[in-house]
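A structural model of the following input is requested.
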Amino acid sequence: MNTFSNEIGDIYRLKVPFDNIYTSVFFIKTDDKNILVDCATFKEDVDTCILPALQVLGYGISDIDILVLTVYHMLQ
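All right, here's what the predicted structure looks like:
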């Protein structure tokens, strides 16, 4: 299982497999908000990668206050 790694301060990075590379998801904790930046590529990534990694940090999807999407890919 992939887990979030602490990048600096309260910023954590999760590398989600994508083809032969990866896409990054960031979890940022502030004094009063929890922010998730990007949510991988496929909806299955949420259940198989993001939620388990959040649980390791002691958080769940209901603990996310803000979701920031930086890119939208239309997959057909």
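
quick one: strands adjacent to the strand or helix carrying I28?
For I28, the host element (DSSP states H and E) is strand 21-29. Partner strands and pairing direction for strand 21-29 (DSSP bridges) are strand 11-18 (antiparallel), strand 34-37 (antiparallel).

can you redo those as CSV with mean pLDDT, mean neighbour count and distance to L54?
Every residue, glycine included, has its C-beta placed from N, CA and C. As requested, these are arranged in CSV below (pLDDT from 0 to 100; neighbours: other C-beta atoms under 10 Å; distance: least, C-beta to C-beta, whole Å):
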stretch, mean pLDDT, mean neighbour count, distance to L54
strand 11-18, 90, 17, 9
strand 34-37, 96, 18, 8
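
show me what contacts E7?
13, 26 (C-beta atoms under 8 Å, 6 or more residues apart in numbering).

then D45?
Each residue near D45 by C-beta under 8 Å, 6+ apart is listed here: 16, 39.
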